[in-house]
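Return a 3D structure for these sequence lines:
(chains A and B)
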Amino acid sequence: MSKLLTSGKYFHILVPLISVVLGLMVGAIIMLAAGYNPILAYQSIVESVFLQPYYTGETIRAMIPLVLAGLSVAFAFRTGLFNIGVEGQLLAGWFVSVATAIFFGHLPKVVLLPLSILAGGIAGGVWGIIPGFLKARFKVHEVISTIMMNYIALYTTNYLIKHYLYTQGERTPNIPDNASLASPMLANLTQGSRLHWGFIVAIIAGLLMWFILWKTTRGYELRAVGFSPGASRYAGINVERNIVLSMAFSGMFAGLAGTMEGLGTYQYMMINASFIGIGFNGIAVALLGLNTVVGVFLSGALFSALQTGGLTMQSDAGVPVDLINIVIALIIFFVGSSYVIKWVLNRLAKRGEKN
Amino acid sequence: MSLLSILDIIIPSMLLTAAPLIFTALGGVFSERSGVVNIGLEGLMAVGAFTAAISTYYLENMGAGAAAPWLSLLIAAVAGCLFSLIHAVVSISFRADQTVSGVALNFLATGVTVFLVKLLFQGAGQTPYIEHRIDKVDIPGLDQIPVIGPMLFSHVAYTSFIAIAMGFLVWYILFKTPFGLRLRSVGEHPAAADTLGINVTKMRYIGVMLSGAFGGTGGAIYLVTIAGNYNATTISGQGFLALAAMVFGKWNPVGALGAGLFFGFAQSLSITSQQIPILDRLPDVYLLIAPYVLTLLVLAGFVGRAEAPKADGVPYIKGQR
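Down below sits the predicted model:
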C-alpha cells in the first residue's frame, strides 16, 4: 500500500487530496473553536449542492467562469508564467463582449453570439499579450506587471461603462437576447437557477487547451519553455515568442471567463468597486488541479460547490460564508507546501517498510 | 483659484493618503530585500486595519480615549507581524512558491477578518465606527509659517510625518548598519552570505516579519485616519498600490517613500480634482490608472530601470547551486 502511494503518478494526486482534507479539517476546527457545528455546516453544503436542483444549477453556473479562470492560470503555468492578471483580463473580456453585444444588437443570433464570445476572448488575449510582451522584450516580471494591468482594467472598464454604456443601477444596459447564453430550459430544469449554455464554452476551452498543449508542436514548445527556458533556447525554440503566445492564450481563457459572466450569468456588466475575485480563485483552482485540464475541472467543481453551498451553510448552520474563503486559503497553503507533505509521506512510507 | 490655494487642498490630502502606502511599501522593501516576494501586503494591511478597528473600539470602551488609536497602531503592528509568520513559515521553511503563499495570505486575511467581525459583532458585516480617530491637526507654530505653513503643517495627521521619517530611518537601517547589510546580502546572494556565517533563514524570517509589522501599521493608519471602521472592502487595492510603490521606488526605502507620496498625490488629485479648474475636465480615470501605468513604464526601463534584488523569490536550499 505504502509503495503504491509513494511511487508513480498516484503520489502526485495524493498531495491535492491531502490538502483538501487538511483544509476542510482545519476549517472544522475553526468552526468548533468559534462555537459552530462543523458536521451540520458541511452537511448543509453537501445536501444543498447535491439534493436541491437550484443549488446544483448555481454550482455548475459558478463553475463556468471559475474553470475558465483556472485554465487561464494553468496554461500560463505550463510555460513557467504566473498569470495573476486573470482578474483584469476577465474584466476586459467581460466589457468588450457586452459592448459588442449591445452595439451589434441588430445582427441575428447565429452571428452575434459567436461574435460577442470571440470579441471577449480576444479582448482578454490582448490584455494578456501586453504583460507577455513586456516580459519577452523588457524582462519585466509578469507577477508585478499583471497586477498593474488588473487595476488599469478595473478603472478603465468602470470609466467606459460610466461614460459610454451607463444605465440606472451603476451598470450597462442588458444585452439583447440575440447575444444571450441564458436558457429558460436550463433554468426550469434547475428550479430557476442562472445556469446557462456557457458550460459548453468551458468544455470546448478545456479540450482546446488539452489539444494545444499536448497534441501540437507549438504546445510542446510552450511546455518546454516552462520546464527550462535555457535548454529550450539552446534547442532552437524562440522563447520570447512562446511567452507572448502563452500569455495570449491565457488571457483569452480569462477573457472568456468574463464573457460568460456578461452574456450568461448577469446579461450586463456592473461598475465594480473592487475585483470580483474569480481571477484570484482561478489561481487556487489551477494549483489544486495541478495545472491539468481534468484537475482544473475537478477543483473548479469543488470550489464552486463550497462557495455556493457556503450560502446554505450560513443560513442553516449559522456559520459565516467567509469560512469558505479561509478553507480555500488553507488549501492553497497546503498545496503550496507540497514539499513538506511529500517529505512526511516519504517518512511514513519508510517507517512502514522497516516494521 | 490660485495655484497656492489649490496646493493647500491637494497636499494635506496627499499626505493623508500617502502615509499607509509608505508604511506598507517600506514593509515590502524589508521582505523583498531579504529575498522573499511579498504579494501578501494587501492581506497584511487588512489584518492591520481589522486589528486597529477592534482594538480601538475595545480600548475606547475601557476608557483609553484619544490614546486608543495610537495604542492600536502598535497592536496592529504586532498582529501583522504574527500574521506574516504564516507567509514566512510556508515560503521560507516549507519552500512553497512565494507568490502562491502571498496569494493565499490575501485570501486568508479577508476570510479570517470578516469571519471574526461577524463572530464578534453578532453577524454584522462591519465593525462599529471608532469614536477617536487620529485627527488632522494644525501643528502649533509651524502652521504659522507663510506659504508652506498652511500647505504642509495645517490639517495634517502626525502619522504622515512619522511615515516620512520612517522612510529615511529604514534607509539608514538597510544601508548604514551591519544588520541592513546582512539583510540585503541574503536577498542578493544567499549562498555567499551563508558562507560568511549569516543565518539566511533567520534573516529572511526577520525580513518577512518586519514587512508584517509595517504592513499591519499601514493598514491600521488607513483605518484610524481615513476609514474609521472595518468591513470586507475597507482594504481593496491599497496593498497592491503599496507593492507598486515599492517597485516604482526601485526597492529602495527612500524611493518607496517618494513613490508613496507620488501615488498619494495621484489618488488625492483624483478625488479633489472636481474642485480644481482645468483638472475638473480631465477624466479621473487617467489619475486613477497613472500609478500603475507609470510602474509598468519604470519596469520596462522607459523611466530608469528598476531591478529586483537578485535572489528575490528564490527559496534558499543549503548546498544547492
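
How much space separates the spatially closest residue to residue A:253 that is not a sequence neighbour from residue A:283?
Excluding its sequence neighbours, the residue lying closest to residue A:253 (C-beta to C-beta, 6 or more residues apart in numbering or on different chains) is residue A:72, at 3.8 Å. All C-beta atoms are positioned from the backbone trio N, CA, C, and that covers glycine. Distance from residue A:72 to residue A:283, counting by C-beta to C-beta, to the nearest Å: 10 Å.

Counting neighbours, go ahead and name the busier of these two.
The residue with more neighbours, out of residue A:72 and residue A:283, is residue A:72; 35 against 26, by other C-beta atoms under 10 Å in any protein chain shown.

Over to residue A:321: give its phi and psi.
phi -60, psi -20 (degrees, to the nearest 10).

Could I get the full set of helices for the stretch 201-321 of chain B?
B:238-248, B:253-272, B:284-300 (DSSP state H, counting those that start in this stretch).

any chance you could map the helices in the stretch 1-150 of chain A?
A:2-6, A:9-33, A:38-51, A:53-78, A:86-103, A:109-138, A:142-164.

Kindly present those as TSV, with separate columns for mean pLDDT and distance to residue A:242.
Formatted as TSV, the helices of the stretch 1-150 of chain A follow (pLDDT from 0 to 100; distance: least, C-beta to C-beta, whole Å):
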stretch	mean pLDDT	distance to residue A:242
helix A:2-6	53	34
helix A:9-33	90	25
helix A:38-51	93	39
helix A:53-78	95	10
helix A:86-103	96	18
helix A:109-138	95	9
helix A:142-164	93	13
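
okay, those, which one's buried deepest?
helix A:86-103 (a mean of 29; mean count of other C-beta atoms under 10 Å in any protein chain shown).

what's it packed up against?
The helices and strands touching helix A:86-103, judged by 3 or more C-beta pairs under 8 Å, 6 or more residues apart in numbering or on different chains; DSSP states H and E, are helix A:53-78, helix A:109-138, helix A:142-164, helix A:239-260, helix A:278-288.

now the ones you listed in TSV, with distance to residue A:188?
Output for the helices and strands packed on helix A:86-103, formatted as TSV (distance: least, C-beta to C-beta, whole Å):
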stretch	distance to residue A:188
helix A:53-78	10
helix A:109-138	20
helix A:142-164	31
helix A:239-260	20
helix A:278-288	26
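
between these, which gets nearest to residue A:306?
Closest to residue A:306 of the helices and strands packed on helix A:86-103, according to C-beta to C-beta: helix A:53-78, at 9.3 Å.

List, one by one, the residues from the stretch 151-300 of chain B near chain A.
B:232-233, B:236-237, B:240-241, B:243-244, B:247, B:283-285, B:288-289, B:292-293, B:295-296, B:299-300 (C-beta under 8 Å from any C-beta of the partner chain).

before we move on, the earlier item: for the residue nearest to residue A:253, give me its contacts.
Residue A:72 sits next to A:83, A:86, A:89, A:124, A:250, A:251, A:252, A:253, A:254, A:257, A:282, A:286 when contact means C-beta atoms under 8 Å, 6 or more residues apart in numbering or on different chains.

Is the third one in contact with residue A:249, as I believe?
No. Using C-beta atoms under 8 Å as the test, residue A:89 is too far from residue A:249 to be in contact (11.0 Å).

Name the residues contacting each of those two.
A:125, A:128.

what's near enough to touch the nearest residue to residue A:223 once chain neighbours are set aside?
With sequence-adjacent residues excluded and distances taken as C-beta to C-beta, 6+ apart, residue A:223 is closest to residue A:78, at 5.4 Å. Contact partners of residue A:78, counting by C-beta under 8 Å, 6+ apart, are A:213, A:222, A:223, A:226, A:246, A:291.

And the helices in the stretch 251-355 of chain A?
In the stretch 251-355 of chain A, the helices defined using DSSP H, counting those that start in this stretch lie at A:278-288, A:293-317, A:322-336, A:338-354.

Out of these, indicate the one that is most buried.
When you average the neighbours per residue for each of the helices of the stretch 251-355 of chain A (mean count of other C-beta under 10 Å), helix A:278-288 leads with a mean of 27.

And that one, what does it pack against?
Contact here means 3+ C-beta pairs under 8 Å, 6+ apart; on that basis helix A:278-288 packs against helix A:9-33, helix A:53-78, helix A:86-103, helix A:239-260, helix A:293-317, helix A:322-336, helix B:98-120.

Tell me which of the ones you listed approaches residue B:39 most closely.
The closest of these to residue B:39 is helix B:98-120. By C-beta to C-beta, the value is 3.0 Å.

Tell me the buried residues in that closest one?
Neighbour counts using 16 or more other C-beta atoms under 10 Å in any protein chain shown place B:98-119 of helix B:98-120 among the buried residues.

can you list the residues of the stretch 1-150 of chain A near chain B?
So the stretch 1-150 of chain A meets chain B at A:30, A:34, A:82, A:84, A:134, A:137-138, A:140-141, A:143-145, A:147-150 (C-beta under 8 Å from any C-beta).

Among the residues you listed, which pair sits farthest apart?
Longest span within those, C-beta to C-beta: A:34 and A:137, 50.6 Å.

So stretch B:6-24, near chain A or not?
No. With C-beta under 8 Å from any C-beta as the criterion, chain A is not reached by stretch B:6-24; the gap is at least 13.7 Å.

oh, I was asking about stretch B:75-84
No. Judged by C-beta under 8 Å from any C-beta, stretch B:75-84 makes no contact with chain A; its nearest approach is 11.9 Å.

Centre of the chain to that stretch, how far?
13 Å (C-alpha atoms, centre = their mean, to the nearest Å).

try stretch A:86-102
16 Å.

Please save the CA atoms from that stretch in PDB.
What follows is stretch A:86-102, C-alpha atoms only, in PDB (Å, rounded to 0.1, in the frame of the first residue of the first chain):
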ATOM      1  CA  VAL A  86      -6.700  36.900 -14.800                       C
ATOM      2  CA  GLU A  87      -8.900  39.400 -12.900                       C
ATOM      3  CA  GLY A  88      -8.000  42.200 -15.300                       C
ATOM      4  CA  GLN A  89      -8.200  40.100 -18.400                       C
ATOM      5  CA  LEU A  90     -11.600  38.800 -17.300                       C
ATOM      6  CA  LEU A  91     -12.900  42.400 -16.900                       C
ATOM      7  CA  ALA A  92     -11.600  43.300 -20.300                       C
ATOM      8  CA  GLY A  93     -13.300  40.300 -21.800                       C
ATOM      9  CA  TRP A  94     -16.500  40.900 -19.900                       C
ATOM     10  CA  PHE A  95     -16.700  44.600 -21.000                       C
ATOM     11  CA  VAL A  96     -15.800  44.000 -24.700                       C
ATOM     12  CA  SER A  97     -18.300  41.100 -25.000                       C
ATOM     13  CA  VAL A  98     -21.100  43.100 -23.500                       C
ATOM     14  CA  ALA A  99     -20.200  46.200 -25.600                       C
ATOM     15  CA  THR A 100     -20.100  44.100 -28.800                       C
ATOM     16  CA  ALA A 101     -23.400  42.500 -28.000                       C
ATOM     17  CA  ILE A 102     -25.000  45.900 -27.400                       C
END
